[in-house]
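*Asks:* Mind looking at a prediction? Sequence and model below.
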Amino acid sequence: MMCNTLHGQICDNKFLSVKLKGLSFDTITNCTFNNNEALCIGQIRDYNNAAHIAKFSAKGTPIWSNTYAIDYFSFYPPTFFQTVYLKKIIPTIDGGYLVAGNFDKVLSPFGLPPPVKKYALLAKIDKFGVVMWSKTWANNSGNLNCSTVYETTDGDFIVYLGTDNGKKVLNLDHSYSKIARLDNKGNLKWSTLIFTNEYDAGGLGLDFKQAITQTKNKNIILGHVVYKAELYNAHYNTVRGNLHFISFDYATGKMKWESSYEYPVPVSDSLYTPDIVNVEELPDGRLSFISTLYLSTSSQPVLTKKGVTITTNNKGEIEDLIAYSPTDGSDCRIIDATAAPIYNNRTLLFRNGAKSLLTNINSTGQINWNIGYNTNGGVSPLTCLSKNKKGFNLFMSTKTSFYSQLLITDSAGIIDCANEPATIIAKSAAFDFPHDSVTTNTSMNLDAYYDYQLPFKRIEAYPLQKEIICEQATACCTDFIDSTHLKICEGKKFMLPDGTIVKDSGNYYSVTKSPLGCDSIKFYHINIDKDISKLNLGLDSCLTQSATITLLATAGYSNYYWGNSTTAGTNSYNINMPGYYKVRVSNTCGTKTDSIIIYDRCDYPIYMPGAFSPNNDGINDYYGISQLNKNRLISFKIFNRWGQLIFKTSNPNEKWDGRFRNEALQFGTFIYYIEMAGLSGNRIVAKGSFILLR
C-alpha cells in the first residue's frame, strides 16, 4: 500500500489476493470488469446445478452474489430444466451486463438416465443482478449454445448460436450455426445461417469458443471452426477441421467475404478443435486472431500445442503467424485474452500443464512481458482474465472445493504472494496448409430457432465469505461496509448516491472511495410500501343470522387494524353478524380507513311511489329509487304511455325531474322498468306505473 502524507493520507492498492468461500463447489467460467467493479459467472454444483453470478468491488469485496436458474416445471408432459451453463459475460453501455450460455431440458424425470436437450440462453441483467429480459432458443433437431456475444458501438448485440445435431450418420445430417443481431431489448434485427455445405460443427459438442469484433467500418468479423465428416467403412468420421473467418454486413447480416484454413492435428488427438478466444482489428486495418493450434517446427518436428496470433489482411487471408510456447517446448494453450486498444496490446492467459501464466503482447504479436502464478500444482487453475483500471483481475477455481480466489494484480500482472517464474517465448511459424476449402451459402434457411420464453430468474442470494490472503505492504485504511433499510411509497422514487433511480423492492448498493482510498460500500435494502389509496373492502354485502362471511381488504399491506382494535391482523376478517365494519392501514404512504356495511337482508323488494309532483316546492319533486334500497342498480328506465324512452340511468342517486328534452312534461301516466341485483347477486326486476302531477 502506498501512502502519501503530504496532502492527507491516500491509499493505492497495487495488488490484492482474496479467497472466497461459498456454500458449495463453484466453477468460475468467465469474468469481466466495468465501472471499477469485477463480475464473474460460473456454476454451482448443487441438486439443480444453478448458475452463479457475483459482483465485487475494486478491492475484492463481494457486493452481491446470486444463483440463477430456469424457473419452469411441467407435469405433463413431464419436463423440467436444470444445469445452467453460463459461458460468457460482457458489460453493456447502459451499465448492465449480458450473459450467454445454455441449459439442459430434461425430457422426463423418470428416465435412467433422462434424455437431455440443450437450449441456448441469452439474458440481460442490471447492475444489481436483476434479470431484465432473457431469450431461450431451441431448434427441432439438436442442441444449441449461445457461446459468444459482442456489444456493438451503438449498443446492439451480435450473438453466435452454436449448433450440434449430433454425429453425422446420413449424408443429409448437418449442424450449421447462426449469427444474429439483436437490439438492446433482445429484439431480433437479423439472423444469418452459416450454411457451410459439407463442413459443419456437429458431433463434437458445444464447448468451443468463437471470437467476434466490429471493425471501424462497422462490419462484423467472426472467427470460428468448422469441420468435415467423410464416409469411411460405412461410417462418417470427422476430418479436416478448418479455421473459418467471415465478415458480415452490419446492417443486413449478408456475408461480405470469407476465408478458411485447414489446421493440423496429430493422430492421437484427431478430434481436437481449437478455441478462437479473441479477434481485434489492428491500427492498420488488418485482423489479429488468438487461438491454440498444433504446430511443428524444424527443431521440433512433432506436432505440439502452441498459442498463436494469426494476422490476416482485411479479407481474412493469413499474412503472419506467431507461435507461443514455454522454453521447454511443452504443450500450452490460451484460455482467455483481453485487449487494451488504447495501448495496442493484448494480454493472454496461458495454461501449461499445471501452470497458469500471463503474457502481454504488442500489436505485432511480440512479447512485452510474461509472469506465472502459483495454482497449487494445477489444483486451482486460473480460469478467466479481465482488465481493470490499473491491472488485471484473475479468478481461480476448481470443481472440488468450496473456495475460489480473486487475484487483483498491477499493470504487469504482479502479485507477490501468487507469482512464480514462468516464461513464454514467441517465434514466427509457417502455416502452409490447404485453404479456402469452405464455401458458405447464407441464403439458405434451415433449422429455424424458436424463443420459448422460459423464465431465467434470480433464485436466491449465494453468500461469499471474503478472506484477504495478501495485499501490498501495510494497510493505510480499511474497507467500510454499511447497510440501511428503507421503505418508500409505491409510485415514488429513491435516488442512490450514484444517481441510480430505485422504484422497486430489492437490494441495491452504491460504491464510493473513502478519503483514504478504500472502498466505501453502502447496501440499501429497499421495500416498497403499497399506496394506501388502493385500500378497499369492496361493496356492501349481507348475511343471514346463520351465515358467516369473511371480509377481505386489499392485500399487500403489512398490518391491518379492524374496528377499534390496536392489535394488527391480516387482510381477512371473519364476521357472523350484520353491522358496520372498518379497517385501517398505515405505512410510509400515510393512513387510510375503509368501511363496509353488512346487512341482515340480501335481496330488498323494490317499492316505488305511485306519483310525484315536480313543481319545485321541495316535496316529491323527483322520481327515483329510495336510498333505503340496498340492491345494486343495473338499469332504471321510464317510458311514456306510447312506449317512448324518456329517462334512463344506472346511477342510483340520479332521479327524474319530470322533463324530457329540456321541456317540462304535463300531467300524465308513465311506466318504470327497474333491473337490480340483490346483495346476494340475484337478479330483481320491477315494473309499474306512476302519475306525474302538476
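*Replies:* Everything's here; your move.

*Asks:* Sketch out the low-pLDDT regions of the stretch 151-300 of the chain for me.
*Replies:* Within the stretch 151-300 of the chain, the stretches falling below the threshold (pLDDT under 70) are 201-202.

*Asks:* actually the stretch 401-550 of the chain, not the one I typed
*Replies:* The model of the stretch 401-550 of the chain has pLDDT under 70 over residues 446-447, 473-480, 513-519, 544-546.

*Asks:* Which parts of it are strands?
*Replies:* Per DSSP state E, counting those that start in this stretch, the stretch 401-550 of the chain carries strands over the ranges 403-408, 419-420, 424-428, 450-451, 456-461, 465-471, 480-489, 494-495, 501-502, 506-513, 519-529, 541-542, 549-552.

*Asks:* got the ones you listed as a markdown table, with mean neighbour count and distance to S141 columns?
*Replies:* To be clear about C-beta, it is placed using only N, CA and C from the backbone, and glycine gets the same treatment. Formatted as a markdown table, the entries for these read as follows, by neighbours: other CB atoms under 10 Å; distance: least, CB to CB, whole Å:
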| stretch | mean neighbour count | distance to S141 |
| --- | --- | --- |
| strand 403-408 | 23 | 37 |
| strand 419-420 | 15 | 48 |
| strand 424-428 | 16 | 42 |
| strand 450-451 | 13 | 12 |
| strand 456-461 | 16 | 23 |
| strand 465-471 | 14 | 45 |
| strand 480-489 | 13 | 50 |
| strand 494-495 | 12 | 49 |
| strand 501-502 | 13 | 44 |
| strand 506-513 | 17 | 40 |
| strand 519-529 | 18 | 45 |
| strand 541-542 | 19 | 59 |
| strand 549-552 | 13 | 51 |
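
*Asks:* In JSON lines: those strands, plus distance to I596.
*Replies:* Supplementary listing: the strands of the stretch 401-550 of the chain in JSON lines, determined by distance: least, CB to CB, whole Å:
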{"stretch": "strand 403-408", "distance to I596": "58"}
{"stretch": "strand 419-420", "distance to I596": "74"}
{"stretch": "strand 424-428", "distance to I596": "79"}
{"stretch": "strand 450-451", "distance to I596": "47"}
{"stretch": "strand 456-461", "distance to I596": "38"}
{"stretch": "strand 465-471", "distance to I596": "53"}
{"stretch": "strand 480-489", "distance to I596": "25"}
{"stretch": "strand 494-495", "distance to I596": "34"}
{"stretch": "strand 501-502", "distance to I596": "35"}
{"stretch": "strand 506-513", "distance to I596": "35"}
{"stretch": "strand 519-529", "distance to I596": "23"}
{"stretch": "strand 541-542", "distance to I596": "7"}
{"stretch": "strand 549-552", "distance to I596": "6"}
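
*Asks:* Of these, which is nearest E675?
*Replies:* Of all the strands of the stretch 401-550 of the chain, the one in closest proximity to E675, counting by CB to CB, is strand 541-542 (18.9 Å).

*Asks:* for the closest one, packing partners?
*Replies:* Under the contact definition 3 or more CB pairs under 8 Å, 6 or more residues apart in numbering; DSSP states H and E, strand 541-542 sits against strand 590-599.

*Asks:* Give the partner strands of the strand it packs on in its sheet and their orientations.
*Replies:* Paired neighbours of strand 590-599 in the sheet (DSSP bridges): strand 541-542 (parallel), strand 579-587 (antiparallel).
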